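Novice: Starting from these lines, generate the structure:
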Amino acid sequence: MKRNSQDDRVSPGLGSVDIALQQIIECDPVATFVIDRDHRVTHWNKACAALTGRAASTLLGTSLQWQAFYPAPRPTLADLIVAGAVEEHVVQYYGTKGAHRSAIVAEAFEAEDFFPCCGVAGRWLYFTAAPLYNPQGELVGAIETLQDISERKWAEAALLETQAKLETLVEQRTEQLANAKKLLEDDVARRKNTERELLRRNEELSDLNTMLSQAKEQLVQSEKLASLGQLAAGVAHEINNPIGYVQSNINALENYLNDLFGLLDLYQQAVSSASNAEPDMSSARPGAIDELARMRDKIDLKFLRDDIPHLLKESKEGIHCVRRIVQGLKDFSRVEIVEGWQKSDVHTGLDASLKIANKDLKYRVEIVRRYGELPLVECMPVQLNQVFMNLLLNAVQAIPADKSGEVVIETGREGDSVWVQISDNGVGIAAHDLGRIFDPFFTTRSVGKGTGLGLSLAYGIIQKHHGEISVNSEVGKGTCFRVLIPIRQSAAPSADGIALWQAAS
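Specialist: Next comes the predicted model:
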């Protein structure tokens with residue numbers, strides 16, 4: 001059976017149910033089980049095990065799901081869904097209590113029945129079954145949920161019995177009914193008061209959520225300003241050194257030119273005093289040659305001939321250094337970015353991030369690059385650069401000032417993904433903090449030293465890239481962050497993914 005089939009290349013089966021669905025089913029408080037199209041049990045959650053008294057380990061991979069409900073083999077409602085024969089067998093298996101189509105999901109069916117095999121005295125269950133399809137529209141199984149309605153059924157039976165007694169004893173029970181009515185009215189009044197209290201508390205919670213959202217926005221803005229300030233300080237520091245010696249060289253060149261211009265002025269005066277017909281140094285005024293020689297010795301013309309090219313070479317190197325820093329800043333920020341996936345070189349992004357973070361890195365740690373062969377990756381380069389920057393700065397900050405630090409950057413390919421690993425030999429992260437390291441506002445740094453948003457933003461960026469980020473750490477030995485990114489993206493980036501850079505940069 002197919003539904004909106006578009007691609008027959010996908011193999012049938014329930015293998016398309018992803019981990020997220022498995023977790024949802026397992027954590028669902030409603031008893032739920034799933035079978036594949038071969039009627040084998042693929043999921044039997046804890047609630048189902050508790051309701052039926054049958055452990056998942058005894059049923060998974062088998063077609064014995066009937067044992068949890070019936071004394072003899074017979075199909076469950078989910079089996080009828082997979083077989084495509086619900087309506088044909090309603091009377092056979094459910095009699096006048098036959099299953100009916102769900103009012104919400106057209107292809108789902110609902111029914112209720114008494115199951116003597118469930119519990120000590122049996123249970124009334126209300127159950128719903130629906131088909132499961134893979135992305136190609138092929139039927140791959142069915143899911144069935146079970147709700148224990150025994151209390152309701154027994155209450156209904158008791159109510160009927162009580163009603164029969166009341167009909168025969170109505171005159172004697174009038175006073176009791178009046179009292180019961182009063183109790184009911186009191187209960188309704190209490191419920192109304194409770195509802196009003198719940199509404200009031202809900203309004204308070206809404207106000208608190210608004211305040212929390214505002215506080216979060218302020219902290220994100222603070223993180224943005226801190227990142228911008230750190231970036232500006234680093235670039236200014238790196239540019240200041242080459243600009244400093246370029247300025248020093250220009251000052252020296254200015255003095256050299258003044259000396260040379262002075263020498264030229266003397267030469268011009270000496271030449272102008274010669275004959276107008278054929279001016280040369282032989283006809284210069286007496287003493288002009290000696291004055292030129294003294295001036296030449298004073299300014300050390302030979303030294304100027306040697307030093308001026310050297311100063312010019314140094315100045316060019318300084319200007320090239322500034323140019324490299326600015327280019328690194330452009331590579332990091334990618335000012336030409338467009339909204340969408342771009343094919344980018346991960347190594348270029350890592351190198352650009354290293355250049356920008358150079359102020360914090362070069363005096364404290366040794367950088368070890370172990371780059372593998374990587375293809376171009378479809379990504380948002382600016383966002384990935386922000387992730388690399390955050391991980392690099394975290395690595396540096398984790399290394400004590402009195403310790404010889406080392407940060408190792410490794411890359412490689414793993415199937416259809418590439419990985420980047422950044423390790424340090426810092427203080428490490430305590431085991432009880434590892435589970436919270438990506439939580440917003442969580443930080444192991446002292447008060448005032450960080451907002452706890454850097455790793456949270458990095459986690460969000462990698463999630464938007466359909467990748468994974470993990471951490472391993474040992475106290476006293478160091479920490480290793482590993483980022484896994486798909487080489488090709490299956491869908492266009494969401495608006496949230498594009499906007500995330502604006503909050504992270």
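
Novice: Please report the distance of Glu185 from Arg173.
Specialist: As judged by CB to CB, to the nearest Å, Glu185 and Arg173 stand 18 Å apart. All C-beta spots, glycine's among them, are computed from the backbone N, C-alpha and C.

Novice: now Leu64
Specialist: 51 Å.

Novice: Same question for Val170, what's its three-state structure.
Specialist: In three-state terms, and counting by DSSP: H, G, I helix; E, B strand; the rest coil, Val170 is coil.

Novice: Over to it: give its phi and psi.
Specialist: Val170 adopts backbone torsions of phi -60, psi -40, taken as degrees, to the nearest 10.

Novice: Repeat that for Glu144.
Specialist: phi -130, psi 130.

Novice: neighbours around it, how many?
Specialist: The local packing of Glu144 (other CB atoms under 10 Å) involves 22 other residues.

Novice: if I pick it, what's in contact with it?
Specialist: The contact partners of Glu144, taken as CB atoms under 8 Å, 6 or more residues apart in numbering, are Thr32, Phe33, Val34, Ile35, Thr76, Leu77, Ala78, Phe127, Thr128, Ala129, Ala130.

Novice: how far away is it from Arg101?
Specialist: Computed with CB to CB, the distance linking Glu144 and Arg101 is 15 Å.

Novice: And for Pro131?
Specialist: 12 Å.

Novice: All the strands of the stretch 101-250 of the chain, residue numbers only.
Specialist: Per DSSP state E, counting those that start in this stretch, the stretch 101-250 of the chain carries strands over the ranges 109-115, 123-133, 139-148.

Novice: ah, wrong one, I meant the chain
Specialist: Secondary structure of the chain by DSSP state E: the strands cover 31-36, 41-44, 100-101, 109-115, 123-133, 139-148, 342-344, 365-370, 377-379, 405-414, 417-424, 468-474, 478-486.

Novice: Pick the most buried one from the strands of the stretch 101-250 of the chain.
Specialist: Of all those, strand 139-148 has the most neighbours on average by mean count of other CB atoms under 10 Å, namely a mean of 22.

Novice: Quickly list the domain ranges of this protein.
Specialist: 14-154, 176-333, 338-504 (automatic domain parsing).

Novice: Which of these has the lowest mean pLDDT?
Specialist: Mean pLDDT values for those show the minimum at domain 176-333, a mean of 72.

Novice: Test my guess that Ala401 contacts Arg364.
Specialist: Yes. Contact criterion CB atoms under 8 Å: Ala401 and Arg364 qualify, at 7.3 Å.

Novice: Have a look at the two and say which one is more surrounded.
Specialist: Taking other CB under 10 Å, Ala401 and Arg364 do not tie; Arg364 has more neighbours (16 against 6).

Novice: Who are the contact partners of the more buried one?
Specialist: Arg364 neighbours (CB under 8 Å, 6+ apart): Val396, Ile399, Ala401, Gly405.

Novice: Kindly report the same for Cys27.
Specialist: Contacts for Cys27 (CB under 8 Å, 6+ apart) come out as Asn45.

Novice: do Thr479 as well
Specialist: By CB under 8 Å, 6+ apart, the contact set of Thr479 is Asn394, Ala395, Ala398, Ser423, Asp424, Gly426, Gly428, Ile429, Val471, Asn472, Ser473.

Novice: For ChimeraX, what selects the buried ones among those residues?
Specialist: Those of those that count as buried under 16 or more other CB atoms under 10 Å are selected in ChimeraX with:
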select :394,395,398,423,424,426,428,429,473
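
Novice: can you list the contacts of Thr479 in JSON lines and add distance to His39?
Specialist: Converted to JSON lines, those look like this (distance: CB to CB, whole Å):
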{"residue": "Asn394", "distance to His39": "51"}
{"residue": "Ala395", "distance to His39": "53"}
{"residue": "Ala398", "distance to His39": "54"}
{"residue": "Ser423", "distance to His39": "49"}
{"residue": "Asp424", "distance to His39": "53"}
{"residue": "Gly426", "distance to His39": "55"}
{"residue": "Gly428", "distance to His39": "51"}
{"residue": "Ile429", "distance to His39": "48"}
{"residue": "Val471", "distance to His39": "43"}
{"residue": "Asn472", "distance to His39": "42"}
{"residue": "Ser473", "distance to His39": "46"}
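
Novice: Which member of the contacts of Thr479 is positioned nearest Leu51?
Specialist: Closest approach between these and Leu51, by CB to CB: Val471, at 38.8 Å.

Novice: is it true that that closest one touches Cys480?
Specialist: Yes. Contact criterion CB under 8 Å: Val471 and Cys480 qualify, at 7.0 Å.

Novice: and stretch 100-113, how far apart are its ends?
Specialist: Terminal residues of stretch 100-113 are spaced 13 Å apart (CA to CA, to the nearest Å).

Novice: what does that stretch contact?
Specialist: By CB under 8 Å, 6+ apart, stretch 100-113 touches 77, 80-81, 86, 94, 97-99, 124-131, 149.
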